[in-house]
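In: What shape does this take:
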Amino acid sequence: TMLDLSGNEVGRRGILALLMAFLACPDGTPKDLRLGLHGLESILKEEIPSLLQIPVCSMEKLFVTNELNRGGGPLDDESAFRIARSLMSNSSLAELRTLTGNLSEHGWKHFITLLCDTS
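Out: Numbers count the residues shown, from 1 in each chain. Next up, the predicted model:
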């Protein structure tokens, strides 16, 4: 299943409501989740990593964008660290797409370390 909210202003309360619904759903999370954060980049530091760590997370694709900030993406170094760390315990996510306008070389290292880990 796919849940595409990329053109909607969901907001922080909406994201939290979605997380609670995912936790209560016997089938876990949708396979494909698309979010437009509309200036709520802090969600990438807190709620998205939490979502990726829950045991019922069966998400295979996650696409996060910030439609209001066309010049740069919502992903920064701290978000990259938290998402990469949460993916260590997630075996279902196969595709993560986001705009990376604020991600430095240091931020990319978190994903490179994760991708190169063969354990």
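In: give the contact list for residue 2.
Out: By CB atoms under 8 Å, 6 or more residues apart in numbering, the residues touching residue 2 are 30, 31, 32, 33, 34. In short, each C-beta sits where N, CA and C put it, glycine included.
In: Count residues in the vicinity of the closest residue to residue 104 other than its chain neighbours, would you?
Out: Computed as CB to CB, 6 or more residues apart in numbering, the closest residue to residue 104 that is not its neighbour in sequence is residue 77, at 5.6 Å. Neighbour count for residue 77, taken as other CB atoms under 10 Å: 16.
In: Could you measure from residue 77 over to residue 5?
Out: Distance of residue 77 to residue 5, given as CB to CB, to the nearest Å: 25 Å.
In: And for residue 12?
Out: According to CB to CB, residue 12 stands 13 Å off from residue 5.
In: again, but for residue 65
Out: Residue 65 sits 11 Å away from residue 5, going by CB to CB.
In: export the helix or strand bottoming out on mean pLDDT in the chain as PDB, just CAs?
Out: The weakest-scoring helix or strand in the chain, judged by mean pLDDT, DSSP states H and E, is helix 42-45 (a mean of 73). Extracted C-alpha coordinates of helix 42-45, given in PDB (Å, rounded to 0.1, in the frame of the first residue of the first chain):
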ATOM      1  CA  SER A  42      12.500  18.600  12.900                       C
ATOM      2  CA  ILE A  43      10.200  15.600  12.100                       C
ATOM      3  CA  LEU A  44      13.200  14.000  10.300                       C
ATOM      4  CA  LYS A  45      15.200  14.200  13.600                       C
END
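In: mind checking pLDDT for the residue nearest to the spatial centre of the chain?
Out: Nearest to the geometric centre of the chain sits residue 48, at 4.5 Å (CA atoms, centre = their mean). In this model, residue 48 is scored at 79, pLDDT.
In: need the strands for the chain, in chain order.
Out: Taking DSSP state E as the test, the strands found in the chain are 2-5, 32-36, 61-65, 95-98.
In: Make JSON lines out of these and add distance to residue 24 and mean pLDDT.
Out: Formatted as JSON lines, these follow (distance: least, CB to CB, whole Å; pLDDT from 0 to 100):
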{"stretch": "strand 2-5", "distance to residue 24": "15", "mean pLDDT": "77"}
{"stretch": "strand 32-36", "distance to residue 24": "16", "mean pLDDT": "78"}
{"stretch": "strand 61-65", "distance to residue 24": "20", "mean pLDDT": "80"}
{"stretch": "strand 95-98", "distance to residue 24": "24", "mean pLDDT": "81"}
